[in-house]
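Asker: Have a look; sequence and predicted model below, questions after that.
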Amino acid sequence: MNQINRVAIVGGTHGNEFTGAYLVKKFSQFPDLIAKLSFETVTLLANPKAFAVGRRYIEKDLNRCFLKQELQDPTLESYEELQAKSIQNTLAASAKKVDFILDLHSSTANMGLTIILVNNHPFNLKLAAYLNYINPLVRVYRCSFQSVEENPFLNVLCELGFAIEVGPVAQGILKSTLFQQTEKLVHEVLDYLERFNKDEIPSINETLVMYQHLSVVDYPKQEDGTIWAMIHPQLQDRDYQALNPGDPIFLTFNDETIVYQGESTIWPIFINEAAYYEKGIAMCLTQKLQINL
């Protein structure tokens, strides 16, 4: 990659995640805020119908609709499946192809400021390391896939870029502190891209602490599929903190503690994310790594 020519800032991929949606609306109304000399910046409200009614999606989670085989399948015609194809045409068509996608999300979990990488491209890793260097509160979560064909997220449309996940914030509301922190992070990304185009990238420590996705854990359930335990109070809001074998993880409705029975320390994130109840995910488990760039 020699030059970034076109950047897309996407919000409202999930209609009830207002931070990204309203940032995109703000940038659309005041484009000078994101204007740079060396590249064009475009904005996209990804799921306008879901945003209009304050729901995560209308028929299907849009951020699970970008599998290559599904984008190429003419028989898939739900609202979000058609919207995914439209977004692909908007962001990935040869005439309008973007070079970098920044997809803005928010979470009910205590995720702070999180960058979600879906590949191992050196450019993305170096940018993530830079953002963590200038703001140590920025964490990096890598949820990479074996191949592009297996990636269902919007960011698969462009090799460069990532999602920003911020929280905790309830669905369907704005929290000013997280809104401002996200906006600042967006500007820092754009500044970096501008410096890259001018060959003025600052030299920083060539190491990065990241949290590599391992697996997901569901809530304990009864035979009929109903939940019979909740996140243990000692684990709630402890995203990115070490969970050791024997530590409490769930509390049943009859007040019995279920402990983590793994053999090694892991770092859970997306703990008790509201949107993940329907997906059977109580938390994601990660491994903390330090990598050399």
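Answerer: Looks like it arrived, so ask away. This is a predicted model, so every value here is computed, not measured.

Asker: The longest helix seen in the chain - contacts with which helices or strands?
Answerer: When the chain is parsed with DSSP state H, its longest helix is helix 176-197. Helix 176-197 is packed against strand 6-11, helix 18-29, strand 100-106, strand 112-117, helix 122-134, strand 161-167, with contacts defined by 3 or more Cβ pairs under 8 Å, 6 or more residues apart in numbering; DSSP states H and E. (C-beta placed from N, C-alpha, C; glycine too.)

Asker: ok, and what's touching the helix or strand following it?
Answerer: Remark: after helix 176-197, the chain's next helix or strand is strand 207-217, criterion DSSP states H and E. Applying Cβ atoms under 8 Å, 6 or more residues apart in numbering, the external contacts of strand 207-217 come out as 117, 125, 128-129, 132, 139-144, 240, 249, 266-269, 280-293.

Asker: check contacts around the residue of the chain positioned farthest from its centre.
Answerer: In terms of distance from the mean C-alpha position of the chain, Asn254 ranks first, at 34.9 Å (Cα atoms, centre = their mean). Applying Cβ under 8 Å, 6+ apart to Asn254 gives no contacts.

Asker: what's the spacing between it and Pro220?
Answerer: 12 Å (Cβ to Cβ, to the nearest Å).

Asker: Lys85 too?
Answerer: Counting by Cβ to Cβ - Lys85 and Pro220 are separated by 38 Å.

Asker: Can I take it that Leu33 is in a helix?
Answerer: Yes: the assignment for Leu33 (DSSP: H, G, I helix; E, B strand; the rest coil) places it in a helix.

Asker: Number the residues from 772 up from this point.
Answerer: With 772 as the first residue, the last one maps to Leu804.

Asker: mind checking pLDDT for it?
Answerer: We have a pLDDT of 98 for Leu804.

Asker: repeat for Lys796
Answerer: Predicted confidence (pLDDT) at Lys796: the value is 98.

Asker: So it is in contact with Pro819, correct?
Answerer: No: using Cβ atoms under 8 Å, Lys796 is not in contact with Pro819; the gap is 10.5 Å.

Asker: Settle it for me: which of these two has more neighbours?
Answerer: Legend: neighbour count by other Cβ atoms under 10 Å for Lys796 and Pro819, higher for Lys796 (16 against 12).

Asker: Just give the nearest non-adjacent residue to that one, would you?
Answerer: Spatially, and ignoring its direct neighbours in sequence, Lys796 is nearest to Leu816 (6.9 Å; Cβ to Cβ, 6 or more residues apart in numbering).

Asker: pretty sure that neighbour contacts Phe822?
Answerer: Yes: applying Cβ under 8 Å, one finds Leu816 in contact with Phe822, separated by 6.3 Å.

Asker: what touches both of those two?
Answerer: Each of 783, 792 lies in contact with both Leu816 and Phe822 under the rule Cβ under 8 Å, 6+ apart.

Asker: Look at these two and report which has more neighbours.
Answerer: Legend: neighbour count by other Cβ under 10 Å for Leu816 and Phe822, higher for Phe822 (23 against 19).

Asker: Helix or strand: which one has the more buried one?
Answerer: Residue-wise, Phe822 maps onto helix 819-824 under DSSP H and E.

Asker: Now for Ala806: which residues touch it?
Answerer: Thr812.

Asker: Next, the contact list for the most centrally placed residue in the chain, please.
Answerer: Nearest to the geometric centre of the chain sits Ala934, at 3.9 Å (Cα atoms, centre = their mean). Counting by Cβ under 8 Å, 6+ apart, Ala934 makes contact with 873-876, 886-887, 889, 924-926.

Asker: Next, format those as TSV and append distance to Glu1044 and pLDDT.
Answerer: Output for the contacts of Ala934, formatted as TSV (distance: Cβ to Cβ, whole Å; pLDDT from 0 to 100):
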residue	distance to Glu1044	pLDDT
Leu873	21	98
Asp874	17	98
Leu875	16	98
His876	11	98
Ile886	17	98
Ile887	13	98
Val889	18	95
Phe924	16	97
Leu925	18	98
Asn926	18	97
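
Asker: Can you list the low-confidence ranges for the stretch 772-921 of the chain?
Answerer: For the stretch 772-921 of the chain, the stretches with pLDDT under 70 are 772.

Asker: Then the stretch 922-1064 of the chain?
Answerer: Using pLDDT under 70, nothing in the stretch 922-1064 of the chain is flagged.

Asker: Which residue ranges make up each domain of this structure?
Answerer: The chain breaks down into these domains under automatic domain parsing: 777-976, 980-1063.
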